[in-house]
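[1] Here's my sequence, what's the structure:
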Amino acid sequence: MPADPRAVLTRPAPPPDLTVAYGDHPDQVVDLRRPAGDGPPRPLLAILHGGFWRAEYDRAHTGPMAAALAGLGWPVAQLEYRRTGQPGGGWPGTLTDALAGVRALPGLAAGALPGRVAPGPPLLLGHSAGGHLALFVAAHAPDGVRGVLALAPVADLAEAYRLDLDSGAVAALLGGGPAAHPERYAVADPRSLVPPPVRTVILHGLRDEQVPIVLSRRYVAAARAAGGEVTFGEMPECEHFGIIDPESTAWSQVRDALQSLHKDH
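    Here you go, the predicted model:
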């Protein structure tokens, strides 16, 4: 693993093959990458980036991961969305963008990458706040999602608010806490949206200081209590950023989890 786990956030990556829009706002776009090789088409893999839903973090930092996955034969879409701190971000725009973008992906990918994408809905790979969005989208649009791999997700918004993660990130997203906006948390909090309606795998590092693993543990316990089947892997030597770094020791587990999701279909 690199000496600085955050190095992946600024590491250069090959540019995407093309960028397409799913809406009128400049951030309602998707970067598409063609899969390497000439094997049978795989499902589109949609990456939802993290950054606590804040405007200063965009999809660029998932470039190394997206390029590595395309190199493994996946057609990849890096989904952008409006974020807190910019017009239209927060409640409800960040959430509606994630839904609209994922819903638009099959048509966009089929037109932009003809013959390179298997028909049907995408697999979602979300990291951190993007893991929250992946779980949210699957709960509200299960017919449009093939499966979810959530990496260190903010899977329990009420607990994340209580812990004041990233100095008020959840309050910025939803406009306040659960007591002030219970109806928003009922719609947006994955822990309130159990059991997940699609195959779901969660990986989380024990050394994660940005999103404590307790959030995933609480979500998984609630999902299983509600009758859901969730695969959960705790990664003893992994922190928050190594889980999206194709040069880290954690990468093989991410790669294998994606392959297992693919085989399940």
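[2] Which residue is the nearest non-sequential neighbour of G39?
    On the basis of C-beta to C-beta, 6 or more residues apart in numbering, the spatially nearest residue to G39 that is not a chain neighbour turns out to be G73, at 5.5 Å. The way it works is simple: take the backbone N, C-alpha and C, and place the C-beta from them, glycine included.
[3] do Q86 as well
    Spatial nearest neighbour of Q86, excluding adjacent residues (C-beta to C-beta, 6+ apart): A55 at 4.4 Å.
[4] Roughly how far does that neighbour sit from Y22?
    The gap separating A55 from Y22 is 19 Å, by C-beta to C-beta, to the nearest Å.
[5] Between these two, tell me which one has more neighbours.
    Y22 (20 against 15; other C-beta atoms under 10 Å).
[6] Please tell me I have it right and the more buried one contacts V30.
    Yes. Shown here, Y22 and V30 form a contact pair, counting by C-beta atoms under 8 Å, at 6.2 Å.
[7] overlap in contacts of those two?
    A shared contact of Y22 and V30, defined by C-beta atoms under 8 Å, 6 or more residues apart in numbering, is any residue touching both; here these are G101, A104, L105, L108.
[8] for the residues you listed, which one is nearest R218?
    Nearest to R218 out of the shared contacts of Y22 and V30 is G101 (C-beta to C-beta; 27.2 Å).
[9] wait, is the closest one part of a helix?
    Yes. Secondary structure of G101 (DSSP: H, G, I helix; E, B strand; the rest coil): part of a helix.
[10] which residues touch it?
    Neighbouring residues of G101 by C-beta under 8 Å, 6+ apart: Y22, G23, Q28, V30, A46, L79, E80, Y81.
[11] Mind picking the two most distant members of these?
    Set against one another by C-beta to C-beta, these have their most distant pair in G23 and A46, with a gap of 15.5 Å.
[12] who's more crowded, these two?
    More neighbours sit around A46 than around the other of G23 and A46, counting by other C-beta under 10 Å; the figures are 28 against 16.
[13] mind saving the C-alpha coords of the strand or helix carrying the more buried one as CSV?
    Per DSSP states H and E, A46 falls inside strand 45-48. What follows is the C-alpha trace of strand 45-48 in CSV, where atoms were taken according to Å, rounded to 0.1, in the frame of the first residue of the first chain:
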residue,chain,number,x,y,z
LEU,A,45,-20.3,-1.2,-13.8
ALA,A,46,-21.5,2.1,-12.4
ILE,A,47,-19.2,3.8,-10.0
LEU,A,48,-20.7,6.3,-7.5
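[14] What mean pLDDT does the helix or strand that that strand is followed by get?
    From strand 45-48 onward toward the C-terminus, using DSSP H and E, the following helix or strand is helix 63-71. Helix 63-71 shows a mean pLDDT of 98 in the predicted model.
[15] how about the CA coordinates for helix 63-71, as PDB?
    Only the C-alpha atoms of helix 63-71 are listed here, as PDB (Å, rounded to 0.1, in the frame of the first residue of the first chain):
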ATOM      1  CA  GLY A  63     -10.200   7.400 -12.200                       C
ATOM      2  CA  PRO A  64      -7.500   4.900 -11.100                       C
ATOM      3  CA  MET A  65     -10.100   2.400 -10.000                       C
ATOM      4  CA  ALA A  66     -12.300   2.900 -13.100                       C
ATOM      5  CA  ALA A  67      -9.300   2.500 -15.400                       C
ATOM      6  CA  ALA A  68      -8.200  -0.700 -13.600                       C
ATOM      7  CA  LEU A  69     -11.700  -2.200 -13.800                       C
ATOM      8  CA  ALA A  70     -11.900  -1.400 -17.500                       C
ATOM      9  CA  GLY A  71      -8.600  -3.100 -17.900                       C
END
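[16] Which one of the contacts of G101 is nearest to A139?
    Closest to A139 out of those is A46 (15.5 Å), distances taken as C-beta to C-beta.
[17] separation between the closest one and K263?
    For A46, the distance to K263 equals 18 Å [C-beta to C-beta].
[18] got it, and G131?
    Using C-beta to C-beta, G131 is found at 21 Å from K263.
[19] ditto for E229
    Remark: distance between E229 and K263 (C-beta to C-beta) = 15 Å.
[20] ok so, going back, would you mind listing which of the shared contacts of Y22 and V30 are buried?
    Members of the shared contacts of Y22 and V30 that pass the buried threshold by neighbour count (16 or more other C-beta atoms under 10 Å) are listed as G101, A104, L105, L108.
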